[in-house]
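Asks: Compute the structure for the input listed below.
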Amino acid sequence: MTSQTISEDCCLGCEEFANAEKDPAMTQDAEVSRHTTPHSGTTQLPAGWAFWATCAAFSTYFCAYAFRKPFTAAEFKGTEFFGFEFKFLVVTTQVIGYSISKFVGIGVIAGMPPAGRARALLLLIGCSELALVLFGLLPRPWNILAMFLNGLPLGMVFGLVMGFLEGRRVSEALLAGLCASFIMADGFAKSTGRWLLQQGISEDWMPAVAGGLFLLPLTLAVRVLARTPAPSQHDIAARAERPRMTREDRWSMVRRFGPGLIAIVLMYLLVTIIRSVRADFATELWKGLGQDAAPAQFTTSEFWVALGVMVANGSLVFVRNNVLAFRISLATCLVGFGLIFAALLAGPERISPFSFMVLIGLGLYLPYVAVHASVFERLLAMTRERGNVGFLMYVADSSGYLGYVGCMLLNGTLRKNSNTLEFFTKLCWAASLLSVVCVLLAGLWFSGNRLKPATTTNATGAS
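Replies: Now for the predicted structure:
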């Protein structure tokens, strides 16, 4: 990709982007057919659209985390039900609802019309906030049911946001920016929750208050995101069109890529488990490393993780050849696991707790974001298979969170023994070793004829 092409797509102008709002034919909300016919995209997109689309996507999902994660900053000490600590029950219940949402999203996200995305986003967020209010109203332990209802709508939020960004020549940069949101937002949401607790808000009402603070900025971000132009003809030629998928389309893709997808999904499942334990029990991990979990600690550590991951994955926009970019994205996953091994070998005895958490975070988010931003994106681009990244991501996500639920249920003693750091370290070793094997198998399977376009007529611009 030439520097001229990148500047055309990414220059920081907002006047032309605003013009897209005035021309309904330029927006995804205005014309669904632009995602369903290969010749309907415009030749030239408004200048600056990529910058504003990335900002809007980042802001939307950043704010969405305020409805999901602040409660993990609370410890819920002194409360135990059914033989388990209350926080373990709350985390597990929310993740179960979130996981069910991912399975529902396999069909919903793959078949969602562009015109319905913005409305669906606001509806899902509204339902999740109502569930948090219910969490504050109900007495313990019955309010854990409200946390299940909170997770149920939130699982489809990411897929809706991602749908605005895929299938473009700069998708890696757009999606890396989006993924940076959930890395940074994870720490910021915990910092917000911690700060609200310090202001005297009770642990049961803190999640609802945190969500309420972000309702207005989220709504504004969604309004901007809804004005994102559809992919241009050049985007479609380079990355293939991304139509809504029918049931037959979904099964056709699984039949064609089955073994390779299984390897990638298994790797993603293992990384999701590590990431989720690190995120949901960050307070306990910092204490296990000998440091108090100050509000700023969460945000600062995740900032450096997000920066490294965004640069590493976003730079793939400069690789025009789809096959080469796909292989580089798999290599990026291996680099991530190498960083995890380095952190584990050094241990908190040889490096600072802050460095340990940042290295582990960077190592697990490199493959996690690579799957979001480039692995599936380039797989569709080089094979021209009829489909969209949303479907593939939700197959991976549903499997990943199901694995995390199983991990949490099988290791309920994690909270009882208060040895979170030891459990996390062992988990990182086992999951990372298995993940390396999965990446190598996926690389071997996706080679030769399997990388060729599905049809000759659709192959133009595949690589």
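
Asks: Which residues does stretch 117-124 contact?
Replies: Defining contact as C-beta atoms under 8 Å, 6 or more residues apart in numbering, one finds that stretch 117-124 is touched by 28-29, 60, 112, 153-154, 156-157, 160-161, 163-164, 219, 222-223, 225-226. Where you see a C-beta, it was placed from the backbone N, CA and C, and this is true even at glycine.

Asks: Try it again at 7 Å.
Replies: For stretch 117-124, the surrounding residues in contact (C-beta atoms under 7 Å, 6 or more residues apart in numbering) are 29, 112, 153-154, 156-157, 160, 163-164, 219, 222, 225-226.

Asks: Among the residues you listed, which are located in strands?
Replies: The members of those all map outside strands under DSSP state E.

Asks: ok, which pair from those residues is furthest apart?
Replies: Comparing every pair within these by C-beta to C-beta identifies Asp29 and Leu154 as the most remote, at 22.2 Å.

Asks: So for those two, which residue has more residues nearby?
Replies: Set Asp29 next to Leu154 and count neighbours by other C-beta atoms under 10 Å: Leu154 wins out with 23 against 20.

Asks: residues in contact with that one?
Replies: Under the criterion of C-beta under 7 Å, 6+ apart, the contact list for Leu154 reads 67-68, 98, 101, 124, 128.

Asks: Per-residue pLDDT of it, please?
Replies: If you check Leu154, the pLDDT there is 95.

Asks: Just put the contacts of stretch 117-124 in a markdown table and tack on distance to Leu380.
Replies: Rendered in a markdown table, the data for those read as follows (distance: C-beta to C-beta, whole Å):
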| residue | distance to Leu380 |
| --- | --- |
| Asp29 | 23 |
| Met112 | 17 |
| Pro153 | 27 |
| Leu154 | 26 |
| Met156 | 20 |
| Val157 | 22 |
| Leu160 | 18 |
| Gly163 | 13 |
| Phe164 | 16 |
| Thr219 | 31 |
| Val222 | 26 |
| Leu225 | 22 |
| Ala226 | 24 |
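
Asks: And the residues you listed, which is closest to Arg320?
Replies: The closest of the contacts of stretch 117-124 to Arg320 turns out to be Phe164 (C-beta to C-beta; 22.6 Å).

Asks: you'd agree the closest one is up against Leu225?
Replies: Yes - distance between Phe164 and Leu225: 5.7 Å, which falls inside the contact criterion (C-beta atoms under 7 Å).

Asks: what touches both of those two?
Replies: Contacts common to Phe164 and Leu225, judged by C-beta under 7 Å, 6+ apart, are 53, 57.

Asks: what bits of the stretch 251-400 of the chain have low per-residue confidence?
Replies: Across the stretch 251-400 of the chain, the ranges flagged by pLDDT under 70 are 293-295.

Asks: what mean pLDDT would you report for stretch 427-438?
Replies: 95.

Asks: hmm, who's touching that stretch?
Replies: Contacts for stretch 427-438 (C-beta under 7 Å, 6+ apart): 263, 266-267, 270-271, 273-274, 277, 334, 337, 340-341, 344, 360, 367.

Asks: Which of those ranks first by neighbour count?
Replies: The residue in those with the most neighbours, by other C-beta under 10 Å, is Pro367 (32 neighbours).

Asks: about what we covered before: just the ones of the contacts of stretch 427-438 in strands?
Replies: Counting by DSSP E, these place none of their members in strands.

Asks: List the ones among those residues that fall in helices.
Replies: 263, 266-267, 270-271, 273-274, 277, 334, 337, 340-341, 344, 360, 367 (DSSP state H).
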